[in-house]
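Enquirer: what shape does this take:
(2 chains)
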Protein chains: 2
Amino acid sequence: MTSLRRSRDIPLLVEHARDGDPRAVARLITLVESGDGSLPEMAAALAADSGRARVVGITGSPGVGKSTTTNELVRALRKRGHRVGVLAVDPSSPFSGGAILGDRVRMQDHATDPGVYIRSMSNRGHLGGLSAATPQAVRVLEGAGCDVVLVETVGVGQAEVEVASLADSTMVLLAPGMGDAIQAVKAGILEIADVFVVNKADRDGADATYRDIQGMIGLGERGPGEWRPQVVRAVASRAEGIDETLAALDKHHDWLVAHGELDRRRAARAAAEVEAIALGTVRARLAALRGGTALTELAAEVVAGRRDPYSAAASLLEAF
Amino acid sequence: MTSLRRSRDIPLLVEHARDGDPRAVARLITLVESGDGSLPEMAAALAADSGRARVVGITGSPGVGKSTTTNELVRALRKRGHRVGVLAVDPSSPFSGGAILGDRVRMQDHATDPGVYIRSMSNRGHLGGLSAATPQAVRVLEGAGCDVVLVETVGVGQAEVEVASLADSTMVLLAPGMGDAIQAVKAGILEIADVFVVNKADRDGADATYRDIQGMIGLGERGPGEWRPQVVRAVASRAEGIDETLAALDKHHDWLVAHGELDRRRAARAAAEVEAIALGTVRARLAALRGGTALTELAAEVVAGRRDPYSAAASLLEAF
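Expert: Numbering: from 1, shown residues only, chains lettered A, B, ... in the order given. Just a heads-up that it's a prediction; the model follows:
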């Protein structure tokens, strides 16, 4: 019998993952990460598990303490008896695939706990990046019985916006003295954060950061019944403020449910996912037209000024 | 006769833009920005002008002095007798369309110079954002006889990567004490920059920033004949280092030409543009299937766990 670690037998792997076998879970996520042709089969096998977990996105600049905070959140969730999955997503550079999160051996505290799955993921090789691969990995963890999935990603580039688009609740970590509050507004973070955590709250400048972010939240226009982002202070390295963080996330989840927003968010997410897969398929087919030469030849005509890109696109679609 | 400022008569506008009428240029770029249905017609009318200008991307964090530097580069290019276009692209938040560049009245120095076109652009409302609208705006400026087009965008999110993908040469501005050199590496900037400018080089920490970035460039693997990013010091507010910056950009341009890389970059760019337009068309058609209900209904089945997203995407494409 092939070892589970190398198996491509999707039904077998899903069966073992459902029984809580961490090797099967790891193998399935590896297959997701590789953008392997088994994705449709895996998705079909896991469809029924979809939506059973709360998905929490965790983001913030390098150095704000994301791993430490995630680690403590896992501990607190385990105390409640939840099964917890952690996906540490590495938004590789679109150019070289260079890794940003250097440390892949993380959160060793929970390494021997059978109720916790921790996994680093790179989006390398995945057309559509993070947003294409992560929902499938979340489904694997849901299949394995996770009640909560934490998706952690470093807040650079587009990654934090993508993490928000796949989470039920998005938590943004700030730290004093990093000018984060201002940058948050500029980068559109204010609009994706459901909960802010000012970590390292024992350091100089923590009060200023707290006030800044509260002030900026206050400036935002908000209709009646709209969610007002919560701001929590924490010192994750001493496990301080973790219960408060969890309480803020619970409050947001209750609000999502009470306002029908959870269903709306998940419907929008599913629509975006289906659309992205469909467009990915079209893209692959367009690239393969006439043995891969159609697009190249049309592009050459555009460069030469003999054609414009719109008529070239129309020709490409005609051939399709 | 309708005023040029409001006209939708594309051939007329293109004719006037070719004659150098700034109102016609402004109107065409407004039409590009609005994502108006006249884009294909405009693209057809401008196809022959495509590729006549050198396109230089300019990016960097807020506060590094992008406007000041651009302003001085324009002055230096005008001294050479070049016609210059400047597009200041505002990568709006994908959520609210909130503007990042507050100041739209910029670079007043050149406001009365008929050899300079300056225009702020927002990518609001444009499916595909910056990357979809900007190439068309560049073509308008090429049609108006520009020899050089500077595309300036603030270095947040994905924008700087997009600016690199549409420029012949990409210039990244750094300033002392912003931790930019480190961030640059993390955000993949090192891989898109052809020229680095350490601006505000008279300030404390400028030498450290210069050394940091030189060190990081040195670490990169580079085959023989590959471009090694140039690093220039400048104090743009005193017009210092501008000639050196231009010399570095010229050197990069010469390298592009000598290595056939200019043609390769432009071909890749045109292919990406044609593909993006084609995918945009497909996306619009998928969204409109069955009066716009097809995607919603499939997404609802995914949420309910009755279907997986891959089979939903396959159904969507079948209907298409």
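Enquirer: which element follows the particular helix or strand that has A:Leu12 in it toward the C-terminus?
Expert: If you go by DSSP states H and E, A:Leu12 is part of helix A:10-18. Using DSSP H and E, the helix or strand that follows helix A:10-18 in sequence is helix A:22-33.
Enquirer: can you pull the buried residues of the helix holding A:Leu12?
Expert: Buried residues in helix A:10-18, counted by 16 or more other C-beta atoms under 10 Å in any protein chain shown: A:10, A:13-14, A:16-18. For every residue, glycine as well, the C-beta is placed using N, CA and C.
Enquirer: next, the angle helix A:22-33 makes with it.
Expert: With axes from the mean of the first three to the mean of the last three C-alpha atoms, to 10 degrees applied, the angle from helix A:10-18 to helix A:22-33 works out at 130 degrees.
Enquirer: which outside residues touch helix A:10-18?
Expert: Applying C-beta atoms under 8 Å, 6 or more residues apart in numbering or on different chains, the contact partners of helix A:10-18 are A:4, A:7, A:23-25, A:27-28, A:31, A:38, A:41-42, A:45-46, A:140, A:143-145.
Enquirer: turn the buried residues of helix A:10-18 into TSV, columns for pLDDT and distance to A:His110.
Expert: Formatted as TSV, those follow (pLDDT from 0 to 100; distance: C-beta to C-beta, whole Å):
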residue	pLDDT	distance to A:His110
A:Ile10	93	27
A:Leu13	95	23
A:Val14	94	23
A:His16	94	21
A:Ala17	93	18
A:Arg18	93	21
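Enquirer: quick one on the thing from earlier: roughly how far is the helix holding A:Leu12 from the heart of the chain?
Expert: Counting by C-alpha atoms, centre = their mean, to the nearest Å, helix A:10-18 is centred 23 Å from the centre of its parent chain.
Enquirer: filter the contacts of helix A:10-18 down to the ones near chain B?
Expert: A:Leu46 (C-beta under 8 Å from any C-beta of the partner chain).
Enquirer: give me the buried subset of the contacts of helix A:10-18.
Expert: With burial judged by 16+ other C-beta under 10 Å, the buried subset of the contacts of helix A:10-18 is A:4, A:7, A:24-25, A:27-28, A:31, A:38, A:41-42, A:45-46, A:140, A:143-145.
Enquirer: what's the closest of these to chain B?
Expert: A:Leu46 (7.0 Å; C-beta to the nearest C-beta).
Enquirer: not counting sequence-adjacent ones, nearest residue to A:Ile277?
Expert: Leaving out its chain neighbours, the residue that sits closest to A:Ile277 by C-beta to C-beta, 6 or more residues apart in numbering or on different chains is B:Ala313, at 3.7 Å.
Enquirer: which strand or helix spans the one you found?
Expert: helix B:309-319.
Enquirer: buried ones in that helix, by neighbour count?
Expert: So, applying 16+ other C-beta under 10 Å, buried residues of helix B:309-319: B:309-317.
Enquirer: run a quick neighbour tally on A:Val151.
Expert: 28 (other C-beta atoms under 10 Å in any protein chain shown).
Enquirer: quick one: residues contacting it.
Expert: Going by C-beta under 8 Å, 6+ apart, A:Val151 touches A:55-58, A:87, A:89, A:134, A:138, A:163, A:166-167.
Enquirer: quick one: name whatever helix or strand follows the lowest-mean-pLDDT helix or strand in chain A.
Expert: Using mean pLDDT, DSSP states H and E, the weakest-scoring helix or strand in chain A turns out to be helix A:180-186, at a mean of 57. Scanning forward in sequence from helix A:180-186 by DSSP H and E, the next helix or strand is strand A:195-198.
Enquirer: which elements pack onto the very next helix or strand once past that next one?
Expert: Toward the C-terminus, strand A:195-198 is succeeded by helix A:206-219 as the next helix or strand (DSSP H and E). Contacts defined by 3 or more C-beta pairs under 8 Å, 6 or more residues apart in numbering or on different chains; DSSP states H and E place helix A:206-219 against helix A:180-186, strand A:195-198, strand A:230-233.
Enquirer: tell me the buried residues in helix A:206-219?
Expert: Taking 16+ other C-beta under 10 Å as the criterion, helix A:206-219 shows A:206, A:209-210, A:212-213, A:216-217 as buried.
Enquirer: can you check stretch A:282-293 too?
Expert: Quick answer for stretch A:282-293 (16+ other C-beta under 10 Å): A:282-283, A:286, A:289.
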